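K.L.:
need a structure here:
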Amino acid sequence: YIYYDDINGVPKNRSYIKYIFDPDDVNGIDDDDWDGNPTTYIDDFIGWDFGNNDNDPIYELTDSLDYQWHGTQTAGAAAAKGNNSLGGTGTCWDCKVMAMRRGVGNAYAIQYAIENGAKVISMSWVAAYSGLFGDVLDYAHELDIVIITGAGNFATDEGGLYNGLCYNENIICIAGSNMYDQAWAPSSYIFEKGKHSDIGSPSAVIFSPTPYTHPLGIYVSVDGTSLGSPITAGVVALMLSENPNLTPDEVKSILISSTDPFVFVANNRYAGVGRLNAGKALNLTLSAKTHGSFPISILSEYNSFYDFDSFNIVGTANTTKFSKYEVYYSEGHYSEDWIFLDEFTIPVQEDIVYSMVLTNFSLGEGQIKVVVWDENNQSAFDIINYIIDSHPEQINQSLELNSGWNLFSPSMEGDLITSDNLDSYLVLGYKEG
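P.N.:
Residues are numbered from 1 along each chain as shown. Prediction:
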């Protein structure tokens with residue numbers, strides 16, 4: 001039992017289980033010495049405390065309450081034991097958890113996870129993908145480590161702080177869903193931010209283990225994409241337990257392709273393509289294991305761009321046994337009325353997958369869906385959102401070129417110049433010789 005005073009000063013006690021290190025294992029030596037420094041991480045049996053620089057990554061009572069509770073809650077969302085009549089259940093009951101206190105935005109904590117064999121890294125905090133921290137995340141991705149983070153819980157606040165990690169496609173970005181399979185409002189962001197979320201995962205009313213300092217008990221209901229991220233991480237750990245050969249891109253494609261559509265997403269808000277479905281994800285994992293690979297369809301909202309009268313969608317449509325990819329569109333907010341656009345038999349790797357000519361589409365909101373097929377009839381899809389506010393204007397302009405010059409411009413039809421800026425435009429000319 002733990003004996004303590006509650007917030008009103010009343011003495012209380014509560015049963016509580018804490019890990020105990022085997023005295024025979026404590027030798028005061030950095031046995032693995034992966035960083036070349038034999039005094040760095042001594043007796044790090046379960047992880048490391050990057051705040052106190054010791055081997056006991058438990059919170060301190062001097063921490064803020066959020067810091068005291070957050071790590072235990074997120075770990076429980078991923079890996080709390082099931083079938084034991086205690087509290088809640090994680091998505092991967094038998095997964096190993098590597099605990100790193102004060103690892104928030106810490107490049108050395110990520111490196112620690114990499115060097116100690118982590119297969120999945122769940123980051124339940126907001127940061128920027130830049131500098132040394134961005135470099136170590138790239139390193140993790142190159143080593144086929146799956147990286148997951150939550151989109152944030154501030155969509156309803158003015159300004160709506162959004163997780164900058166979600167702008168990089170090496171990261172699986174998790175928005176929230178609720179118990180009704182709706183997009184969870186605090187993580188459903190406006191277009192410019194929410195379009196970068198990949199999928200939704202349960203993030204509301206999650207019954208998770210909590211340290212004894214919490215006033216409501218050891219198991220409490222908590223909200224946030226901080227829970228959706230480790231819930232997804234637990235599913236990914238199950239997938240990799242069954243098929244450890246999956247690459248991070250294959251994992252991402254499986255998660256996206258196995259989602260269930262949201263029942264409801266508020267107008268002008270975005271939360272990824274749909275809600276996580278663990279069962280479907282595992283079925284696709286088994287299929288990939290049977291056939292040796294899985295198609296990759298990943299569209300990059302951050303790298304896609306507008307160019308004169310087109311929206312150029314950048315991403316990857318590829319696989320080791322590539323057959324083709326198909327492009328569809330639907331109009332409206334999260335519409336499922338898909339209309340076929342085109343089919344391609346050449347794979348694309350981090351390049352333009354499809355160029356939308358804006359004048360061929362109605363004004364307003366819509367989605368483009370890219371479905372990649374392999375020779376084994378496996379398919380993967382990703383969806384990118386778009387909003388067309390106006391069609392490019394056509395300007396009638398009489399042009400006089402010097403003798404010998406000819407007009408040459410992709411934005412011109414005869415003497416008509418297509419431009420999205422009526423104050424300026426570019427005319428290209430050429431002559432032979």
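
K.L.:
which residues touch the nearest residue to Thr319 once chain neighbours are set aside?
P.N.:
Closest residue in space to Thr319, ignoring its immediate chain neighbours: Pro295 at 4.2 Å, by CB to CB, 6 or more residues apart in numbering. Quick note: C-beta positions are derived from backbone N, CA and C, even for glycine. Going by CB atoms under 8 Å, 6 or more residues apart in numbering, Pro295 touches Ser253, Asn318, Thr319, Phe322, Val372, Trp373, Asp374, Gln378, Ser379, Ala380.

K.L.:
mind running it again at 7 Å?
P.N.:
Pro295 makes contact with Ser253, Thr319, Val372, Trp373, Asp374, Gln378, Ser379, Ala380 under the criterion CB atoms under 7 Å, 6 or more residues apart in numbering.

K.L.:
let's have those residues in CSV, adding distance to Asn8.
P.N.:
What follows is the contacts of Pro295, written out as CSV (distance: CB to CB, whole Å):
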residue, distance to Asn8
Ser253, 52
Thr319, 60
Val372, 59
Trp373, 63
Asp374, 62
Gln378, 59
Ser379, 58
Ala380, 55
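
K.L.:
could you tell me which of those belong to helices?
P.N.:
Taking DSSP state H, the ones among the contacts of Pro295 that sit in helices are Ser253.

K.L.:
farthest-separated two in the contacts of Pro295?
P.N.:
Taking CB to CB as the measure, the contacts of Pro295 span a maximum distance of 12.3 Å, between Ser253 and Trp373.

K.L.:
what about Tyr302, how many residues close to it?
P.N.:
13 (other CB atoms under 10 Å).

K.L.:
wait, a strand at it?
P.N.:
Yes - counting by DSSP: H, G, I helix; E, B strand; the rest coil, Tyr302 is part of a strand.

K.L.:
correct me, but it touches Tyr167?
P.N.:
Yes - in this structure, Tyr302 is within contact of Tyr167 by CB atoms under 7 Å, at 4.7 Å.

K.L.:
show me which residues of the longest helix seen in the chain are buried.
P.N.:
The longest helix of the chain (DSSP H) is helix 225-242. Residues of helix 225-242 classed as buried by neighbour count (16 or more other CB atoms under 10 Å): 225-240.

K.L.:
neighbour count: Ser253 and Trp373, which is higher?
P.N.:
Ser253 (27 against 20).

K.L.:
Asn153 touches Ala185, doesn't it?
P.N.:
No - the pair Asn153 and Ala185 fails to qualify as a contact (CB under 7 Å) at a distance of 9.7 Å.

K.L.:
between these two, which has more neighbouring residues?
P.N.:
A count of neighbours by other CB under 10 Å puts Asn153 above the other of Asn153 and Ala185, at 23 against 16.

K.L.:
which one is that one nearest to, not counting chain neighbours?
P.N.:
Distances taken as CB to CB, 6+ apart put Pro186 closest to Asn153, at 4.5 Å, once the chain neighbours are dropped.

K.L.:
coming back round to it: tell me the pLDDT of the residue nearest to Thr319.
P.N.:
Here the pLDDT value assigned to Pro295 is 98.

K.L.:
next one: the one 5 residues further on
P.N.:
Confidence per residue is given as pLDDT, and for Ser300 that number is 97.

K.L.:
which residues are in contact with it?
P.N.:
Glu169, Val314, Gly315.

K.L.:
how far away is it from Met100?
P.N.:
Ser300 sits 29 Å away from Met100, taking CB to CB, to the nearest Å as the criterion.

K.L.:
quick check: bridge partners of Met356?
P.N.:
Per DSSP bridges, the residues bridged to Met356 are Phe311.

K.L.:
that one and Trp338, how far apart?
P.N.:
Applying CB to CB to Met356 and Trp338 gives a distance of 15 Å.

K.L.:
looking at the two, which is more packed in?
P.N.:
Ranked by neighbour count (other CB under 10 Å), Met356 and Trp338 place Met356 first, with 22 against 16.

K.L.:
ok, back up a step: need the overlap of contacts for Tyr302 and Tyr167.
P.N.:
His196.

K.L.:
low pLDDT regions in the chain?
P.N.:
1-7, 12-17, 32-35, 38-39, 212-213, 215-216, 394-401, 407-427 (pLDDT under 70).

K.L.:
of the buried residues of helix 225-242, closest to Tyr386?
P.N.:
Proximity of the buried residues of helix 225-242 to Tyr386 (CB to CB) peaks at Thr225, which lies at 24.2 Å.

K.L.:
now that closest one. Nearest residue, chain neighbours left out?
P.N.:
If you skip the residues right next to it in sequence, Thr225 has Gly150 as its closest partner in space, 2.9 Å away by CB to CB, 6+ apart.

K.L.:
wouldn't the one you found be in contact with Val126 here?
P.N.:
No - taking contacts as CB under 7 Å, Gly150 lies outside contact range of Val126: 8.2 Å.
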